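>>> this one's structure only:
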């Protein structure tokens with residue numbers, strides 16, 4: 001059954017706004033309601049915006065009054081700075097999800113739930129497999145931040161699915177998303193004039209272009225794809241390769257120093273890099289997307305490398321140090337070394 005009355009949470013952020021706008025443009029959908037605590041900055045088409053906090057039980061009234069049949073829960077926040085602090089972020093992510101699930105459980109009209117999750121739930125450690133499948137447990141559970149919130153959220157979603165087996169539930173574990181308008185800790189990291197890396201480590205990273213994230217969410221809303229799916233672009237990049245593509249000079253620092261730098265950056269509100277993100281910069285993470293292609297029926301248009309190159313072009317990133325100057329400096333140094341050898345020769 002195709003959706004007719006849809007509720008989308010988190011429409012004040014780019015991905016939620018894009019999803020609501022695309023659904024509202026479909027003539028087959030009667031009503032799209034966008035929910036968030038602050039109004040969206042962009043036009044959402046014929047989406048009806050409702051200023052509401054999903055932590056409030058009144059979200060059940062919104063669902064019941066509109067006769068919602070499909071819920072897309074995208075209001076999971078990865079950056080504490082956006083939420084107003086770590087405590088507020090956890091409340092929105094976990095308590096908000098619990099209230100939304102309670103509202104869906106009481107509803108007589110909801111028949112489909114789509115939840116945005118993250119591959120961060122797999123953690124990052126030296127004992128990780130080459131690729132995580134959806135059935136694998138993390139070798140080391142995230143100890144805080146977005147990853148820990150996502151683990152709790154998925155636990156509540158599984159409990160909801162057992163209580164309401166008549167509702168089709170789709171959980172999408174997105175890799176790090178890059179694309180137009182995306183403001184994330186990883187995006188800000190690659191925009192630094194110099195990029196701190198962990199000395200002795202060169203982790204694998206996987207990325208997802210925002211247009212592929214949008215396409216997957218719309219496909220999930222259309223139905224027929226219940227289950228849990230890893231969502232990432234094909235292939236990987238080594239962090240060193242990504243730093244070079246961004247034209248940034250890397251600054252290798254010992255692991256303890258990276259943790260100290262991340263805490264300082266968080267306090268200064270430059271960028272928030274919680275402990276699990278620091279582990280990601282050391283060990284990386286990669287997931288298997290076979291189920292996405294063979295069961296869900298979607299192959300991302302952008303590979304990891306193509307998504308990153310698109311991000312570099314869209315942000316207008318330029319080399320911090322002019323490559324021609326580097327070549328001239330190298331030639332000058334080689335010339336000096338050659339002259340010293342000639343002068344010192346018998």
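Yep, it's here. Everything numeric in this text was worked out from a predicted model, so none of it was measured. Numbering: from 1, shown residues only.
>>> Mind jotting down where the helices sit in this protein?
Ranges of helices in the chain, per DSSP state H, are 14-24, 59-66, 80-83, 86-90, 96-106, 145-163, 185-190, 210-222, 239-245, 255-267, 275-283, 290-291, 304-315, 323-344.
>>> so where is this protein shaky, pLDDT-wise?
Residues of the chain meeting the criterion pLDDT under 70: 81, 258-276, 320-334, 337, 340-346.
>>> returning to what we had before: out of the helices of the chain, deepest packed?
Of all these, helix 14-24 has the most neighbours on average by mean count of other CB atoms under 10 Å, namely a mean of 23. The way it works is simple: take the backbone N, C-alpha and C, and place the C-beta from them, glycine included.
>>> elements contacting it?
strand 5-9, strand 31-36, helix 210-222 (3 or more CB pairs under 8 Å, 6 or more residues apart in numbering; DSSP states H and E).
>>> The ones you listed: which one's closest to residue 85?
Nearest to residue 85, of all the helices and strands packed on helix 14-24, is strand 31-36, at 18.0 Å by CB to CB.
>>> Need the contact partners of the closest one.
Contact with strand 31-36 is made by 4-13, 16-17, 20, 23-24, 40, 44-52, 54, 59, 62, 66, 68, 75, as judged by CB atoms under 8 Å, 6 or more residues apart in numbering.
>>> So which residue is dead centre in this structure?
Taking CA atoms, centre = their mean, the centroid of the chain lies closest to residue 176, which sits 3.9 Å from it.
>>> May I have the residues that are in contact with the spatially closest residue to that residue that is not a sequence neighbour?
Excluding its sequence neighbours, the residue lying closest to residue 176 (CB to CB, 6 or more residues apart in numbering) is residue 186, at 4.9 Å. Residue 186 makes contact with 176, 178, 277 under the criterion CB under 8 Å, 6+ apart.
>>> okay if I get those as a markdown table plus distance to residue 193?
Formatted as a markdown table, these follow (distance: CB to CB, whole Å):
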| residue | distance to residue 193 |
| --- | --- |
| 176 | 21 |
| 178 | 19 |
| 277 | 19 |
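>>> re earlier: can you redo the helices and strands packed on helix 14-24 as CSV, where the extra columns are distance to residue 119?
Output for the helices and strands packed on helix 14-24, formatted as CSV (distance: least, CB to CB, whole Å):
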stretch, distance to residue 119
strand 5-9, 21
strand 31-36, 24
helix 210-222, 12
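>>> Among the ones you listed, which comes closest to residue 160?
Closest of the helices and strands packed on helix 14-24 to residue 160 is strand 5-9, at 15.0 Å (criterion: CB to CB).
>>> Who does that closest one pair with, and is each partner parallel or antiparallel?
Strand 5-9 pairs in its sheet with strand 31-36 (parallel), strand 70-73 (parallel), by DSSP bridges.
>>> Now for residue 193, how many residues are close by?
Counted by other CB atoms under 10 Å, the residues lying close to residue 193 total 8.
>>> these two touch, right, it and residue 248?
Yes: the pair formed by residue 193 and residue 248 meets the contact definition of CB atoms under 8 Å, at 7.2 Å.
>>> Could you report the neighbour count for the residue nearest to residue 129 when sequence neighbours are not counted?
Distances taken as CB to CB, 6+ apart put residue 136 closest to residue 129, at 6.9 Å, once the chain neighbours are dropped. As a burial measure, residue 136 scores 13 neighbours (other CB under 10 Å).
>>> same question, residue 67
Residue 67: 14 surrounding residues under other CB under 10 Å.
>>> Give the full set of residues in contact with it.
By CB under 8 Å, 6+ apart, residue 67 lies in contact with 5, 109.
>>> rerun that using 10 Å as the cut-off
In this structure, residue 67 makes contact with 4-5, 30-31, 107-110, judged by CB atoms under 10 Å, 6 or more residues apart in numbering.
>>> again, but for residue 158
By CB under 10 Å, 6+ apart, the contact set of residue 158 is 169, 171, 228.
>>> partners of the residue nearest to residue 172 when sequence neighbours are not counted in the sheet?
Once flanking residues are discounted, residue 172 sits nearest to residue 231: 5.3 Å by CB to CB, 6+ apart. For residue 231, the beta-bridge partners are residue 174 (DSSP bridges).
>>> how much space is there between residue 231 and residue 137?
Going from residue 231 to residue 137 by CB to CB, to the nearest Å gives 19 Å.
>>> Ok, residue 94 next?
As judged by CB to CB, residue 94 and residue 137 stand 20 Å apart.
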